[in-house]
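# Sequence and computational prediction follow.
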Amino acid sequence: MKTSARFEVSGGNTVLLLGTTKGAFLARARDGGGWEVAGPHFPGEEVYAMAYDDRAGRSRLWAAPGSPFWGTTLRFSDDFGATWSGKDERRIGFPEDSELSLKRIWQIRPGSEAEPDVIRLGVEPACLFESRDAGDSWQPVEGLLNHPHRERWQPGAGGLCLHTIVGDGEPGGRMMIAISAAGAYRSDDGGATWEARNHGVRAEFLPDKHPEFGQCVHKIAHHPTNPGRLFLQNHWGLYRSEDWGDTWVDIANGVPSDFGFAMAMHPGDPDTVYVVPIESDGFRCTPDAKLRVYRTRDGGTSWHPLTEGLPQENAYETVLRDALATLAPGQVFFGTRSGKVYASRDDGDSWELVRDGLPPVVCVKAGVA
Amino acid sequence: MRIVLPEALRELAGGRPVVEMRVGAGAGATDGAPGPVADDRHSVGGVLGALRASHPGLHDRLMTEQGVLRPHVNIFVDGENIRFTGGLRTRVGAGSEIFVLPAISGG
């Protein structure tokens, strides 16, 4: 198999972490323009979750490759993929008495700068795992593991996955997680207890369109300078909350469809959010065969298409929930199920193709070396 | 008794293609790793369970947290797939050879 393992990164380089259904790739912005792409790492394994941890002087890549045969592992690299930790160095598992078995890691979320050794994982079946020693050991968050709603949570098409973790960054503070298809849950005590926070979010696929929980939330985004203001891309529905999810209002003002998966916050502007609308749950492709990212600059009052450099005909694309990322000052990246990766360096006004022909892209993360 | 590993799992056995195990009293690995005694010392399940202590990483790749064989892992004992010989209750002897192989499923 042809692989490109040599991947030299200099300080200040923008690095993309690209998880696909057949392995992980890394991309580096060349100084003179263009991109260098290396990989695959973990060839043949799906990589739904990656993260870049640059806290406390680290330059650590995390990846969660999953083999169809041997299950999911959690790996890290401190040398940009030249070497990875062993398959047995970071064991993640449910307690035997839980009757649960790990299927997939959907999210790797380093904590805030205030808690530089905290990392959280969102997994399937839906649960949160937490490490307080920079990933050496992991424990399930009991308040979610034993949540009384658990027995009534139903899986979405991708499985019963906890795919989104946001928080106020304060140790012992407030967090929100999203589960498909159980909805949004918030903890006000660092994860000890959790309550559903889905008021105003509809569940099109249930007889009761506004249950306490059971919504299929696809992504939640917020800005660290205004953490209580949340944006939510639902399985049908685009919402904003100004009160940490106590209430949600519809903000699908000007998008061709309010169905979609991916959502990302501008790193420098708490009013700017990106989404990639999908036509419908029955036809999960970009509307009108045009690949368009939509951006709001006013907190969802209006949305406008971003198309320069993106194909506007015969583009039957899908951008999945974790395949859209932003990076300061104004960089935006996304990958498609057809294996294309695009980058913008001007807030999404224009786009360049980073790489075509990758396996289906399911995760895009970005960092600065 | 030998457990023959596929390439993908050998790093979990120190790079070796085979893990030697004892069965019966004192069941466990014989390669210097601590060898616990499995509950059922003469079954595939007991032998694989003994890996939990001696080769925990390898155990986790073969079995789920619930002690169930991963669905796309095939185990052959002396040439026969254990799905047809009693599953994890399949008996093994001192001279048995357990082959671990990935199923041909996948996309």
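Thanks, I have the structure now.
# Quickly note the distance from the residue in the stretch 151-300 of chain A that chain B sits nearest to to A:E279.
Going by C-beta to the nearest C-beta, chain B is nearest to A:G159 of the stretch 151-300 of chain A, at 14.4 Å. Using the backbone N, CA and C atoms, a C-beta is placed for each residue, glycine as well. Using C-beta to C-beta, to the nearest Å, A:G159 is found at 23 Å from A:E279.
# circling back to that earlier point, what's the residue of the stretch 151-300 of chain A closest to chain B in contact with, if anything?
A:G159 makes contact with A:103-104, A:124-125, A:180, according to C-beta atoms under 8 Å, 6 or more residues apart in numbering or on different chains.
# Take those and keep only those in strands.
Counting by DSSP state E, those place A:104, A:124, A:180 in strands.
# Format the residues you listed as a markdown table; extra columns: neighbour count.
As requested, the ones in strands among the contacts of A:G159 are exported to a markdown table (neighbours: other C-beta atoms under 10 Å in any protein chain shown):
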| residue | neighbour count |
| --- | --- |
| A:R104 | 19 |
| A:E124 | 23 |
| A:S180 | 29 |
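# contacting residues around the residue nearest to A:A221 when sequence neighbours are not counted?
Nearest in space to A:A221, with sequence neighbours left out and distances taken as C-beta to C-beta, 6 or more residues apart in numbering or on different chains, is A:M265 at 4.3 Å. Listed by C-beta under 8 Å, 6+ apart, the contact set of A:M265 reads A:221-223, A:231, A:272-274, A:326.
# Across the sheet, point out what pairs with A:M265.
A:V273 (DSSP bridges).
# For B:R83, give me phi and psi.
B:R83 adopts backbone torsions of phi -60, psi -20, taken as degrees, to the nearest 10.
# How much space separates it from B:H59?
Between B:R83 and B:H59 the computed distance is 20 Å (C-beta to C-beta).
# quick one, which of the two is more surrounded?
Per other C-beta atoms under 10 Å in any protein chain shown, whichever of B:R83 and B:H59 has more neighbours is B:H59, with 19 against 12.
# Quick check, the more buried one in contact with B:V47.
No: taking contacts as C-beta atoms under 8 Å, B:H59 lies outside contact range of B:V47: 10.6 Å.
# Could you report the neighbour count for the closest residue to B:R89 other than its chain neighbours?
Nearest residue to B:R89, sequence neighbours excluded (C-beta to C-beta, 6+ apart): B:S43, at 5.3 Å. If you count neighbours by other C-beta under 10 Å, B:S43 ends up with 21.
# isn't B:S43 right up against B:V92?
Yes: if you go by C-beta under 8 Å, B:S43 and B:V92 touch, sitting 6.6 Å apart.
# And the residue of chain B that's closest to chain A?
Of all residues in chain B, B:G57 sits closest to chain A, at 2.1 Å by C-beta to the nearest C-beta.
# Relative to chain B, which residue of chain A is the closest?
For chain A, C-beta to the nearest C-beta, closest residue to chain B: A:D88, 2.1 Å.
# which ones are touching that residue?
Residues near A:D88 by C-beta under 8 Å, 6+ apart: A:73, B:12, B:56-58, B:60.
# From those residues, which land in helices?
In this view, these that belong to helices under DSSP state H are B:56-58, B:60.
# hang on, A:L26 packs against A:D79?
No: at 11.3 Å, A:L26 does not count as touching A:D79 under the criterion of C-beta under 8 Å.
# which of those two has more neighbours?
Neighbours per residue, other C-beta under 10 Å: of A:L26 and A:D79, the larger number sits with A:L26, 23 against 12.
# State the helix or strand in which that one lies.
In this assignment (DSSP states H and E), A:L26 forms part of strand A:23-29.
# Enumerate the residues of chain B near chain A.
For chain B, the residues in contact with chain A (C-beta under 8 Å from any C-beta of the partner chain) are B:8-9, B:11-12, B:56-58, B:60-62, B:64-68, B:70, B:72-73, B:102-103, B:105-106.
# Just the buried subset of these, please.
Buried subset of those (neighbour count, 16 or more other C-beta atoms under 10 Å in any protein chain shown): B:8-9, B:12, B:57-58, B:60-62, B:64-65, B:70, B:73, B:102.
# what sits against the nearest residue to A:A56 once chain neighbours are set aside?
Excluding its sequence neighbours, the residue lying closest to A:A56 (C-beta to C-beta, 6+ apart) is A:P116, at 4.0 Å. Contacts for A:P116 (C-beta under 8 Å, 6+ apart) come out as A:55-56, A:134.
# Just the buried ones from those, in PyMOL syntax?
One line in PyMOL is enough to select the buried ones among the contacts of A:P116; burial here means 16+ other C-beta under 10 Å:
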select buried, chain A and resi 55+134
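# Looking at the contacts of A:P116, which are in helices?
Short answer: the contacts of A:P116 have none in helices (DSSP H).
# Show the pLDDT at residue 104.
Looking at chain A here, since you left the chain open. On the pLDDT scale, A:R104 is placed at 97.
# wrong one, I was asking about chain B
B:I104 carries a pLDDT score of 81 in this model.
# just so I have it, where are all the strands in the stretch 251-369 of chain A?
Secondary structure of the stretch 251-369 of chain A (DSSP state E, counting those that start in this stretch): strands at A:259-265, A:273-278, A:293-296, A:304-306, A:324-327, A:331-335, A:341-344, A:352-355, A:361-368.
# So the residue of chain B closest to chain A is in contact with A:R91, correct?
Yes: judged on C-beta under 8 Å, B:G57 makes contact with A:R91 at a distance of 7.3 Å.
# in the chain, which spans are helices?
Let's take chain A. Using DSSP H, helices in chain A cover A:142-145.
# Oops, wrong one, chain B.
Secondary structure of chain B (DSSP H): helices at B:44-54, B:56-62.
# Figure out which of these is closest to A:S350.
A:S350 lies closest to helix B:56-62 among these, at 45.2 Å (C-beta to C-beta).
# Taking the centroid of the chain, which residue is nearest it?
Picking chain A for this. Geometric centre of chain A, nearest residue: A:D322, 3.2 Å, by C-alpha atoms, centre = their mean.
# wait, I meant chain B there
Centroid check for chain B by C-alpha atoms, centre = their mean gives B:L48 as the closest residue, at 3.9 Å.
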